[in-house]
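A.B. asks: What follows is a predicted protein model with its sequence.
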Amino acid sequence: MSDNTEPQIMPQGAPPSAAKPSMGAATSRVDGRLKVTGAARYGSDFFGGVNPAHAYLATSAIARGRITRLDEAEARKVPGVLEILTYRNVGDRIKPGKILSQKGYMGTSIAPLASDLVQHDGQIVAMVVAETFEAAREAAHRLRIEYAAEPPSATFDSPGLQSISAESASREGEQSGSEEKPKVGDAAAALAAAPVTVDGRYETPTQHHNPIELFTTACAWADGKLTVWESSQNMYGFQNGLAEQLGMAPSDIRVISPYIGGAFGSRGTLTQRTAIVALAAQRVQRPVRLEATRDQGYTIATYRAETRHRVRLGAGQDGKLQALIHEGWEVSSRPDNYKVGGTDATTRLYACPNVDSEVTIVHADRNTPGFMRSPPEVPYIFALESAMDELAVALRMDPIELRRVNDTMHEPIKGLPYTSRTLMPCFDAAAKEFGWDKRDPRPGSMRDGDWLVGLGCATTLYPTNMGAAAVRVILTPQGTVKVQTAGHEIGTGIYTVVALMAVSGLGVPIEKVTVELGDTELPPAPGAGGSNSTASIATVVAKACEQIRSRIAAAAAAAVDGPFHGLDPAGLVLADGALRAPDGSTEPLDVAMGRAAGGAIEAYAENIPHGVPDGALKKLYQGQATLMGGAKLKDRIQFAFGAQFVEVRVHAQTREIRVPRLVGAFAAGRIVNPKAAKSQLMGGQIWGMSAALHEATEIDRRAARYYNDDLAEYLIPVNADVQQVTTIMLPEQETQVNDLGIKGIGELGNVGLNAAVANAVFHATGVRVRELPIRAEKLLAASV
Ligand code: MOS
């Protein structure tokens, strides 16, 4: 199996059937030229119009306490200073707002300028507005701020932490999403009785998204209405949340975000900065533009919090799991019960009659964490898939065989069937490409000169999500198409996916399709989170195109003087700029459209998937609901799967770790654009390697402060770290998750790869590193 299956063109005309596995034609991105020439305009490219003033943030120097003195005198003397916003002149002018998982829109409920209270290091304590960026920065540094500081709790094992079980947080109504604590049978008893057991404790570190585009906001007021230019992956949620904070009607706020310079979850929730910029623009009666610095981005937005795990597995000599217990601990801020809760996935991945799980939220004096690409699966699957490798070693069983004997078409907690599951074919395809058969299973047994060779593998999975979406499609008799929806181009290629759906639905060349996204004036689309965009938006575009096709076809079949008279309109397709019948007769598009309408045909469609309340879109239009999160079938379980393979080389003396090869095989239902999908998955594999070996935000435990908060010191891979990456996409038949059989692949690629690296490092060295990232010093410490 090589990189891609031969692309097939999607069937045109009627909505494509999901009955057989399908890959669309590999298509270059329609926005590629705009991006490489710099013509694509990101949130940070908008300055808010003519003559904007510039804002700069002052952030707290302590993590816990109160502001006791805030002297603006020196700052006010800086030429060009226009306004300084602090708790003294903001206060309750901005309402706090709930976090997204509490059915709000915010990434944090900590309202920074509401009072003198400081709840984390780097909290916004003032915003200076001036004629220039430089003047605002100078003045911000001249603010004299004094604090009454209390000792902060930084992270696990710090004094003064408070914990709450995620289950009771759910009961208090503080969590949406996973309400339950997955459990079946008697796991403790089964573990005690199991012939082979493992008991492992694992840790993953704090990580920050570090999108290249900084956290920039521009706001302008006109006639009581507010326009905000800010990159967002949840624009309608943004609009509604900001309206709540400012006490405005959502319809009086417009959000513009056509291109997004990296999001990864960091732009899924509204930050507290936006309302402050809006207020500043109102006070100085000019557009205001804020550019937060990179280090400020570490504390004014969200991040992936550190996690701890204990995984206990019990199995028979045949490798079949008899008990699985996964306990997780996650750090959150003092006021917010944010959790990722990955036991939803880890307790459902393998067949096992006795399962138990528990997640505990640990409150520290930190900013509130939030979504970061595959939020639950990245840390929780690391723990489970490391433990599975340890079990394979204990059983002297091949790790792929261990997954095979525990493969299942029904999840174990409620016995629900998977809509489709192509896990073992992914393992087989990737193992073949990787050359797994050449692996000597004994740790430390494979060597190439000074380098110890390690081969490891792990499972990836990601749930299939979908949200309600709406779209407007306009087809002209000249064959040009405009598609409008407030979707989000977070770099995944959604402009191209939307264009391809119009191409297949209306039979026009891709050059004639214009796609408009990223504006709250357009029909709503769900927040781009949970890998839901392609499924949600492709489905509704197909629906709108079908409305147009059927209108043209109905007029054609009814026209006594036309070539289609009396034919079944359902059989008439739009292809190659014409209306076509199965018997080969055709009519040019403009003629066929002339029978149906006087000119252009416009269609508006909505799609409300299974499990989403009927009023979801209406509520969104009215500003009452957020649309992040997914629809789920009640009697089925829906995940995409894949297999991650890694070769590591560990230097025998220095323990330097290199990664010559990554091989992944993935199956995620219908793939609309294999070219972009492959890039997404490949990027995920690279990120997974990065999470295993490089990335960690270091915390000063005394100050509860991040100290490598820039791209010089926060390690991410460079080209030399990334050698051969092979990405295989397996066709998969999927008929249940949605009309098109699309599962989504945005977050599938990076899950499990961290465990595959750890498993490969163990195979190379015999040293099991259970705390990420795996670095040479940990191997050196273990080998003396
Ligand atoms: Mo994602 S972390 O759902 O942008």
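C.D. replies: Received, thanks. Numbers count the residues shown, from 1 in each chain.
A.B. asks: Neighbours of whatever residue of the stretch 301-450 of the chain ends up closest to the ligand, how many?
C.D. replies: As assessed by CB to the nearest ligand atom, the ligand sits closest to residue 371 within the stretch 301-450 of the chain, at 3.6 Å. In this view, the C-beta of every residue, glycine as well, is placed from N, C-alpha and C. The number of residues packed near residue 371 is 30, by other CB atoms under 10 Å.
A.B. asks: now swap in the one 4 residues further on and tell me
C.D. replies: Neighbours of residue 375 under the rule other CB under 10 Å: 24.
A.B. asks: Now do the contacts for the residue nearest to it when sequence neighbours are not counted.
C.D. replies: Spatial nearest neighbour of residue 375, chain neighbours left out: residue 340 (4.3 Å); criterion: CB to CB, 6 or more residues apart in numbering. Shown in contact with residue 340 (CB atoms under 8 Å, 6 or more residues apart in numbering): 307, 330, 375-376, 379-380.
A.B. asks: Cross-check these against the ligand and keep the overlap.
C.D. replies: Among the contacts of residue 340, the residues that sit close to the ligand (CB under 6 Å from any ligand atom) are residue 375.
A.B. asks: for the stretch 551-700 of the chain, which spans come out with low pLDDT?
C.D. replies: 624-632 (pLDDT under 70).
A.B. asks: In it, what residue spans correspond to strands?
C.D. replies: With strands called from DSSP state E, counting those that start in this stretch, the stretch 551-700 of the chain shows them at 573-575, 578-580, 586-588, 601-607, 639-651, 657-667, 699-700.
A.B. asks: and what of the stretch 1-150 of the chain?
C.D. replies: Ranges of strands within the stretch 1-150 of the chain are 53-59, 65-71, 81-85, 117-118, 124-130, 144-149, based on DSSP E, counting those that start in this stretch.
A.B. asks: which stretch among these comes nearest residue 256?
C.D. replies: Ranking the strands of the stretch 1-150 of the chain by their distance to residue 256 (criterion: CB to CB) puts strand 53-59 first, at 18.2 Å.
A.B. asks: can you give me the helices in the stretch 101-250 of the chain?
C.D. replies: Taking DSSP state H, counting those that start in this stretch, the helices of the stretch 101-250 of the chain run over residues 133-142, 166-171, 187-193, 235-246.
A.B. asks: Check which residues of the shortest one are buried.
C.D. replies: It refers to helix 166-171. For helix 166-171, burial by neighbour count (16 or more other CB atoms under 10 Å) applies to 166-167, 169-170.
A.B. asks: Kindly reformat these as JSON lines containing pLDDT and distance to the ligand.
C.D. replies: Shown next, in JSON lines, are the buried residues of helix 166-171 (pLDDT from 0 to 100; distance: CB to the nearest ligand atom, whole Å):
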{"residue": "166", "pLDDT": "89", "distance to the ligand": "18"}
{"residue": "167", "pLDDT": "84", "distance to the ligand": "23"}
{"residue": "169", "pLDDT": "84", "distance to the ligand": "20"}
{"residue": "170", "pLDDT": "75", "distance to the ligand": "20"}
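A.B. asks: how close does residue 195 sit to residue 50?
C.D. replies: For residue 195, the distance to residue 50 equals 76 Å [CB to CB, to the nearest Å].
A.B. asks: Pick out whichever of those two has more residues nearby.
C.D. replies: Ranked by neighbour count (other CB under 10 Å), residue 195 and residue 50 place residue 195 first, with 11 against 8.
A.B. asks: I'd like the distance between the more buried one and the ligand.
C.D. replies: 40 Å (CB to the nearest ligand atom, to the nearest Å).
A.B. asks: Quick check, pLDDT for that residue.
C.D. replies: Here the pLDDT value assigned to residue 195 is 98.
A.B. asks: Please apply the same query to the one 3 residues further on.
C.D. replies: The predicted local distance difference test score for residue 198 is 98.
A.B. asks: Surely it and residue 387 touch.
C.D. replies: Yes: using CB atoms under 8 Å, residue 198 is in contact with residue 387, at 5.6 Å.
A.B. asks: Find residues that contact each of those two.
C.D. replies: Residues touching both residue 198 and residue 387 (CB under 8 Å, 6+ apart): 311-313.
A.B. asks: So which of those sit within strands?
C.D. replies: Among these, DSSP state E puts 311-313 in strands.
A.B. asks: Would you map the strands across the stretch 301-450 of the chain?
C.D. replies: Applying DSSP E, counting those that start in this stretch to the stretch 301-450 of the chain gives strands spanning 307-315, 321-332, 355-363, 447-448.
A.B. asks: tell me the angle of the second one relative to strand 355-363?
C.D. replies: For strand 321-332 against strand 355-363, the angle between stretch directions is 10 degrees (axes from the mean of the first three to the mean of the last three CA atoms, to 10 degrees).
A.B. asks: Give the pairing partners of strand 321-332; include direction for each.
C.D. replies: Using DSSP bridges, the strands paired with strand 321-332 are strand 307-315 (antiparallel), strand 355-363 (parallel).
A.B. asks: which one of the ones you listed has the most crowded surroundings?
C.D. replies: Among the strands paired with strand 321-332, strand 307-315 has the highest mean neighbour count (mean count of other CB atoms under 10 Å), at a mean of 24.
A.B. asks: And for it, what's in contact with it?
C.D. replies: Identification of contacts with strand 307-315 by CB under 8 Å, 6+ apart yields 156, 190-191, 193-204, 321-331, 340, 346, 354, 379-380, 382-384, 386-388, 390-391, 395.
A.B. asks: Can you turn the buried part of those into a PyMOL selection?
C.D. replies: Listed next is the PyMOL selection for buried residues among the contacts of strand 307-315, using 16+ other CB under 10 Å:
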select buried, resi 190+191+194+196+197+198+200+202+203+204+321+322+323+324+325+326+327+328+329+330+331+340+346+354+379+380+382+383+384+386+387+388+390+391+395
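A.B. asks: The ligand contacts on the stretch 301-450 of the chain?
C.D. replies: 371-373, 375.
A.B. asks: residues near the nearest residue to residue 450 once chain neighbours are set aside, how many?
C.D. replies: Among residues not flanking residue 450 along the chain, residue 652 sits closest, at 5.1 Å (CB to CB, 6+ apart). For residue 652, the neighbour count with other CB under 10 Å is 16.
A.B. asks: for this structure, what are the low-confidence residue spans?
C.D. replies: Applying pLDDT under 70 to the chain flags the ranges 1-22, 172-180, 624-632, 784.
A.B. asks: which non-adjacent residue is nearest the residue of it found nearest the ligand?
C.D. replies: The minimum distance from the chain to the ligand, using CB to the nearest ligand atom, falls at residue 265 (2.7 Å). Distances taken as CB to CB, 6+ apart put residue 371 closest to residue 265, at 3.2 Å, once the chain neighbours are dropped.
A.B. asks: need the contact list for the one you found.
C.D. replies: Contact analysis of residue 371 by CB under 8 Å, 6+ apart lists 265-266, 268-269, 302, 529.
A.B. asks: got the residues of this structure near the ligand?
C.D. replies: Counting by CB under 6 Å from any ligand atom, the residues of the chain near the ligand are 233, 263-265, 268, 371-373, 375, 529-530.
A.B. asks: ok, 5 Å please
C.D. replies: Contact residues (CB under 5 Å from any ligand atom) of the chain with the ligand: 265, 371, 373, 529-530.
A.B. asks: In helices only, show me those residues.
C.D. replies: The helices, defined by DSSP state H, take in nothing from those.
A.B. asks: May I see those residues organised as a markdown table, with distance to residue 769 added?
C.D. replies: Converted to a markdown table, those look like this (distance: CB to CB, whole Å):
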| residue | distance to residue 769 |
| --- | --- |
| 265 | 26 |
| 371 | 26 |
| 373 | 22 |
| 529 | 31 |
| 530 | 30 |
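A.B. asks: from these, which is closest to residue 453?
C.D. replies: Using CB to CB, residue 373 is the member of the residues of the chain next to the ligand that lies nearest residue 453, at 29.5 Å.
A.B. asks: Do I have it right that residue 694 meets residue 773?
C.D. replies: Yes: the pair formed by residue 694 and residue 773 meets the contact definition of CB under 8 Å, at 5.9 Å.
A.B. asks: Spell out which residues are contacts of both of those two.
C.D. replies: Overlap of the contact sets of residue 694 and residue 773 (by CB under 8 Å, 6+ apart) consists of residue 715.
A.B. asks: Perfect, that will be all.
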